[in-house]
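Asker: sequence plus the predicted model coming up.
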Amino acid sequence: MTDAATNAAHDVGAPGDPILVAIDGPAGSGKSSVSRASADRLGFGILDTGAAYRALAWIALQAGVDLDTEAAVVQLMDAWAFSITMRGEQRVTVGLAGAEPIDATAAIREHSVSGQVSRVSKHPVVRERLNEMFRELVAASGLPGVVIEGRDITTVVAPDAPVRILMTASAEARASRRAGELEGLSHAQVLADIAARDAKDALVVDFFNPAPGVTLVDTSDLNFEQSVQTVIDIVEAVRLPAGKSE
Ligand SMILES: Nc1ncnc2c1ncn2[C@@H]1O[C@H](COP(=O)(O)OP(=O)(O)O)[C@@H](O)[C@H]1O
Ligand SMILES: Nc1ccn([C@@H]2O[C@H](COP(=O)(O)OP(=O)(O)O)[C@@H](O)[C@H]2O)c(=O)n1
């Protein structure tokens with residue numbers, strides 16, 4: 001890890017650094033969509049770390065790399081160029097050395113990719129390399145704040161973030177939300193798919209139980225707007241502690 005990357009993770013709150021809002025949770029808990037809406041209202045950026053894992057799995061599949069072989073995935077990372085927008089509509093591009101970057105925004109969301117991502121995210125060195133990239137993206141963003149969401153943000157990527165949230169929802173609620181997005185898949189299929197993916201991912205990081213100091217937000221009985229407002233209230237309570245005004 002570079003010094004710059006280390007500092008970006010641990011000097012949170014230093015003048016000039018973005019305020020970090022770290023959000024973790026299982027698939028379908030609402031972390032991406034709620035993070036995006038909250039970031040927009042706060043005037044912050046958003047870093048969707050799952051999109052990077054998805055992009056890596058996608059390019060590995062395109063390149064015929066064995067996703068289960070850590071050294072092969074790490075070698076691919078030496079040659080890949082990844083970019084993601086942190087404001088406005090999400091756009092993800094991926095390229096390999098010498099080739100024009102390809103817009104993979106839609107491709108990385110395909111069901112065929114979702115089922116393969118855990119095969120790359122299980123590798124410790126891959127995670128270290130991506131975490132370093134995430135810290136660098138935040139540090140270089142020039143934004144007043146960044147909502148960064150994934151599975152291990154509150155515990156590994158930004159354990160010192162002033163706001164850390166674990167967003168959960170019942171398995172039923174999560175599957176219903178996801179089934180609404182995926183044409184042609186039944187509720188039961190979606191439920192089985194996300195349960196299988198969560199089980200694989202949870203072998204690597206615990207995103208079901210909040211670490212000490214992490215605020216649990218259960219969105220099972222909250223609508224989308226209520227979920228966004230809950231996050232904003234938590235951020236504002238930290239930004240404007242009682243008795244202080246801006
Ligand atoms: N609290 C909520 N109530 C109802 N629907 C929600 C809520 N939060 C998110 N959604 C919807 O559920 C779907 C999955 O949410 P998403 O943000 O992609 O979850 P995650 O990033 O945790 O996998 C999206 O269509 C989103 O609009
Ligand atoms: N910080 C993160 C983010 C994602 N991931 C991996 O990336 C996959 C896709 O993440 P995602 O956030 O896009 O998944 P959804 O919750 O949106 O379905 C997860 O299933 C994990 O395997 C991870 O391991 N660590």
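Answerer: Happy to help now that I have it. Ligands and ions are numbered 1, 2, ... in the order given.

Asker: and this structure, which residues reach ligand 2?
Answerer: Taking C-beta under 6 Å from any ligand atom, the part of the chain that reaches ligand 2 is made up of 27, 32, 49-50, 53-54, 117-118, 121, 150-153, 197, 201. Heads up, the C-betas are built off the backbone N, CA and C, glycines and all.

Asker: now narrow the residues you listed to whatever sits close to ligand 1.
Answerer: With C-beta under 6 Å from any ligand atom as the criterion, the subset of the residues of the chain next to ligand 2 in contact with ligand 1 comprises 27, 32.

Asker: for the residues of the chain next to ligand 2, which PyMOL command selects only the ones that are buried?
Answerer: To isolate the buried members of the residues of the chain next to ligand 2 in PyMOL, using 16 or more other C-beta atoms under 10 Å:
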select buried, resi 27+32+49+50+53+54+117+118+121+150+151+152+153+197+201
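
Asker: what's the closest of the residues of the chain next to ligand 2 to residue 215?
Answerer: Sorting these by how near they are to residue 215, with C-beta to C-beta, puts residue 153 at the top with 13.2 Å.

Asker: so how far is residue 219 from that closest one?
Answerer: When distances are taken as C-beta to C-beta, to the nearest Å, residue 153 and residue 219 turn out to be 17 Å apart.

Asker: please enumerate the helices of this structure.
Answerer: Taking DSSP state H as the test, the helices found in the chain are 3-10, 31-42, 49-63, 70-79, 111-114, 117-121, 124-139, 171-179, 187-202, 224-239.

Asker: among those, which is nearest residue 209?
Answerer: Ranked by C-beta to C-beta, the member of the helices of the chain that lies closest to residue 209 is helix 187-202, at 9.8 Å.

Asker: export that closest one as CSV, just CAs?
Answerer: Taking C-alpha atoms only, helix 187-202 is exported to CSV below (Å, rounded to 0.1, in the frame of the first residue of the first chain):
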residue,chain,number,x,y,z
HIS,A,187,-38.8,-14.7,-6.4
ALA,A,188,-37.7,-18.1,-5.3
GLN,A,189,-34.8,-18.2,-7.8
VAL,A,190,-33.6,-14.7,-6.7
LEU,A,191,-33.9,-15.6,-3.1
ALA,A,192,-31.8,-18.8,-3.6
ASP,A,193,-29.2,-16.8,-5.7
ILE,A,194,-28.6,-14.0,-3.3
ALA,A,195,-28.6,-16.5,-0.3
ALA,A,196,-25.9,-18.5,-2.1
ARG,A,197,-23.8,-15.4,-3.0
ASP,A,198,-24.1,-13.9,0.5
ALA,A,199,-23.0,-17.3,2.0
LYS,A,200,-19.9,-17.3,-0.2
ASP,A,201,-19.1,-13.7,0.5
ALA,A,202,-19.6,-14.0,4.2
